[in-house]
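Predicted model, plus sequence, below.
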Amino acid sequence: MTESLRLDAIRSLGLDAVQNRDLFSRITLLASTMLGCPIALLSVVEQERQWFLGRTGTDLTEAPISDSFCAVCIQSEQPRLIADARADPRLADNPLVTGAPFIRSYLGVPIRSDEGIVLGALCCIAPEPDAFRPEQIAPLAMLAEMAEQSIALHARTRALSTANAALRQQSRIFRQAERAANVGSWRVDIPGWQLSWSDQVYAINGMITGRVPSVAEALGLYEPEDQAMVRKRLEEAVADGAPFSFETTIYRPDGEPRRIRVVGERVDVEGKPECVAGIILDCTEEHLRNVALKRAAERDRLTGLYNRASFDKRLARAMRRAGEEPVTIALLDLDGFKNVNDTLGHLVGDRVLETISSQLQLRTATGVFLARWGGDEFALLFPPRMTRAEVAAFLDELIAELGEMPPLGSAMLRIGATCGVARMDCPAGSEEIMRRADLALYRGKEQGRGTVVFWDEQIEARQSERQHAIARLSSALNAGRAIAAYQPIIELATGRVVSVEALLRLKDEDGRIIAASEVFSALLDPELSRRVSRVMLDQVTADGPAILALFGPETRIGINLSDADLRRGDFVRHLIDVIDDSPLGPHNISIEVTETMLLDAGGHLRQSLSMLDDCGFTICLDDFGTGFSSLTHLRAFPIHKVKIDRDFIAAIGQDHQARLIIQAIVQMGHSLALRVVVEGVETEEQETFLRAIGCRHVQGYRYGRPMLLDALQARFGDSDEAERLRA
């Protein structure tokens, strides 16, 4: 096809003489709505210019041919998709790219005459890149077909019967397009304020085609709070010709809600306002997808509570006002939940989280923002009006209710909670108030759980001390300055050393020996605790042969393990392998655990202790008598040795009850075939009492402080010292 034939076809159609271009503008409006772009044009490309038979979203009526995007589409006679005009060297400097309307994305489909001659293009334009996709070419081509039919209709208006047939065909195509896109057209005649709908608008509104409702009746379909807005948009369009679009919800006669997008503008005929016309798009499915995506972004999938990201955003807004009103947050951590997961499985754990989350939602006071912070931890943001006392009372009640939940499983596992609270009334970052709440929570866990702890300067000071202790211990571990000292355990009847307890000592940089008590807070860090246990295990296996040579082959060496060690199956396996590869045997090793470790003992810890017991290691319960469930522990765990806490023996001079407790524990231990050791023995009076009640094994400064291996050998290798202990 030559260019001259194409231009002749345009001239012969007389398209520039079309007076009523409303139909073509409705096609561009439909294209703009379907493809979600601000500008749509029905462009006719001539030799020197391109002009617009239909347009939506711009006041431009024509443009120079040198700036024409559609000219490229015309030349190829194929649909044209440009993802980013700025990235195309041929288009980057185009005035329509660098200036209004700032074209970035373009999608055009050729418009042809009945004879197949390309006349122009139906195009969509957007100011952002990658606005269109290849699969949108087909619906745009369908609208292009409508434009072609309209052009053909214009060309055949001289034959009335042919024109009427073409009009009916055009109407059918338009209705088909409306149904395919779930888009309907509407019109309000200005003189009589009469409303007319296309068939698809009836379908969207859930009404039977027939009687046309009044404008007031149509407004009644909208949400009550939106009705005034819709009427105002119509009135403004009539008054000043301003186009409008909005999204809202309507309710069908049967009560079903549908989300719609409404677009409209005033149509003028011969310079006078005739009507306001536009389209209604049913976007319910798109709206529901967006709502679901928004919920997924804001809500926790398991519990339905707000998630951490939502809490962070809400807290950040609150902290920006912290200078004007106080901000109070709480971190609530479930006690014993890990044991539920370990013992009953994660599916049960998930159900427990769902139940607790529902209970928290029911109990959360008005204005309190509740979120799942992660794992078994929840975050609460309180309204500024709540005082510190009100927050404390609310959280105390909440924790008390959680503590009343029935125990779970045959192990009768209980769930509780501990809260850390921080309150700030000065500007700061969200990280700071969260850090304070976390410190308060950590302090609550240390105090015994089931408590509400508010951040204060003392907690901050303790954290500073802990950080110093962590740095000190880490430095010693990295430099190889962590060593083992050994304190003897004596058999009273013979004075013989039957066991030693391996205790952590650090060599300071100046060579001074530091007790573990000086860095005790650092040992609460699980990772550091595991490193210490590995160092102590290596030291014991290295020193073990010398200790056995000193005290005999049946001597036991006590090693203190932490909760972090026993909950890691790989460490327990490592311990067993190391002892198997050393001159020591499991019968030479006592594994010392504390009662607090067993309070929330779940599946992993219980399995670890059973594995060690099966291998022949002795499980020793340290600090016996200071916890809450000592007798239960003796029955539930493979305990073969108990060590009575030093506080009891220290009090026997002033506290008769302490004497009775020690005597009862010693007798009970003997009845259960347990080896009982009393710690902290320092005086002759204490030893005399213990001999009198039948205690067999003791440990304390009276028999020797913790000593390094060479000091231990120097003292107990001396026959006079051994004889003194026997005396």
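Everything's here; your move. Numbering: from 1, shown residues only.

got the contact list for Asp335?
Ile415, Gly416, Ala417, Thr418, Arg449, Gly450, Asp600 (C-beta atoms under 8 Å, 6 or more residues apart in numbering). C-betas here are computed from N, CA, C, even on glycine.

By neighbour count, which of those residues wins?
Ala417 (27 neighbours; other C-beta atoms under 10 Å).

Convert the C-alpha atoms of the helix or strand hosting it to PDB, please.
Assigned by DSSP states H and E, Ala417 belongs to strand 416-424. Output of strand 416-424 as PDB, limited to C-alpha atoms (Å, rounded to 0.1, in the frame of the first residue of the first chain):
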ATOM      1  CA  GLY A 416       2.400 -18.600  81.300                       C
ATOM      2  CA  ALA A 417       3.700 -15.200  80.300                       C
ATOM      3  CA  THR A 418       6.200 -12.500  81.300                       C
ATOM      4  CA  CYS A 419       6.000  -8.900  80.300                       C
ATOM      5  CA  GLY A 420       8.600  -6.200  79.800                       C
ATOM      6  CA  VAL A 421       7.200  -2.600  79.600                       C
ATOM      7  CA  ALA A 422       8.900   0.600  78.500                       C
ATOM      8  CA  ARG A 423       7.400   4.100  78.700                       C
ATOM      9  CA  MET A 424       8.900   7.200  77.100                       C
END
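
Show me what that strand is packed up against.
strand 327-335, helix 388-403, helix 430-447, strand 452-454 (3 or more C-beta pairs under 8 Å, 6 or more residues apart in numbering; DSSP states H and E).

quick one: which of the ones you listed is nearest Pro38?
Pro38 lies closest, by C-beta to C-beta, to one member of these: helix 430-447, at 37.5 Å.

Buried residues in that closest one, which are they?
With burial defined by 16 or more other C-beta atoms under 10 Å, the residues of helix 430-447 counted as buried are 430, 433-445.

What of stretch 461-479?
Buried residues in stretch 461-479 (16+ other C-beta under 10 Å): Arg462, Gln463, Arg466, Ala469, Ile470, Arg472, Leu473, Ser474, Ala476, Leu477.

any idea where the strands of the stretch 151-300 of the chain begin and end?
183-189, 194-197, 244-251, 257-269, 272-282 (DSSP state E, counting those that start in this stretch).

what angle separates the first one from strand 257-269?
The one in question is strand 183-189. Relative orientation of strand 183-189 and strand 257-269, computed by axes from the mean of the first three to the mean of the last three C-alpha atoms, to 10 degrees: 50 degrees.

which intervals of the stretch 601-727 of the chain have sub-threshold pLDDT?
By pLDDT under 70, the low-scoring segments of the stretch 601-727 of the chain are 601-603, 626-632, 718-727.

one more time with 80
The model of the stretch 601-727 of the chain has pLDDT under 80 over residues 601-605, 625-636, 718-727.

Tell me where it has helices.
With helices called from DSSP state H, counting those that start in this stretch, the stretch 601-727 of the chain shows them at 603-614, 630-636, 646-650, 656-671, 684-692, 709-716, 719-726.

Please produce JSON lines containing the strands of the stretch 151-300 of the chain, extended by distance to Gln359, mean pLDDT and mean neighbour count.
Putting the strands of the stretch 151-300 of the chain into JSON lines (distance: least, C-beta to C-beta, whole Å; pLDDT from 0 to 100; neighbours: other C-beta atoms under 10 Å) gives the following:
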{"stretch": "strand 183-189", "distance to Gln359": "47", "mean pLDDT": "83", "mean neighbour count": "20"}
{"stretch": "strand 194-197", "distance to Gln359": "51", "mean pLDDT": "84", "mean neighbour count": "16"}
{"stretch": "strand 244-251", "distance to Gln359": "33", "mean pLDDT": "85", "mean neighbour count": "16"}
{"stretch": "strand 257-269", "distance to Gln359": "31", "mean pLDDT": "86", "mean neighbour count": "18"}
{"stretch": "strand 272-282", "distance to Gln359": "40", "mean pLDDT": "86", "mean neighbour count": "20"}
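
Please tabulate the ones you listed in TSV, including the columns distance to Leu360.
Converted to TSV, these look like this (distance: least, C-beta to C-beta, whole Å):
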stretch	distance to Leu360
strand 183-189	45
strand 194-197	49
strand 244-251	31
strand 257-269	30
strand 272-282	39
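
Kindly list the longest helix within this protein.
helix 526-551 (DSSP state H).

tell me the phi and psi of Leu492?
Main-chain dihedrals, Leu492, degrees, to the nearest 10: phi -60, psi -40.

for it, what are its contacts?
Leu492 sits in contact with Glu687, Leu690, Arg691, Cys695, Arg696, His697, Val698, where contact means C-beta under 8 Å, 6+ apart.

Kindly report the same for Gln539.
Ile483, Ala484, Ala502.

Remind me which helix or strand the first one belongs to.
Spelled out, that is Ile483. Counting by DSSP H and E, Ile483 is found in strand 482-491.

Render the CA-only coordinates of that strand in PDB, please.
C-alpha atoms of strand 482-491 as PDB (Å, rounded to 0.1, in the frame of the first residue of the first chain):
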ATOM      1  CA  ALA A 482      39.400 -19.800  79.800                       C
ATOM      2  CA  ILE A 483      40.600 -22.700  82.100                       C
ATOM      3  CA  ALA A 484      39.200 -25.200  84.500                       C
ATOM      4  CA  ALA A 485      39.700 -25.200  88.300                       C
ATOM      5  CA  TYR A 486      38.700 -28.200  90.400                       C
ATOM      6  CA  GLN A 487      37.100 -28.400  93.900                       C
ATOM      7  CA  PRO A 488      37.200 -31.700  95.700                       C
ATOM      8  CA  ILE A 489      34.200 -33.600  97.000                       C
ATOM      9  CA  ILE A 490      35.100 -35.600 100.100                       C
ATOM     10  CA  GLU A 491      33.700 -38.800 101.500                       C
END
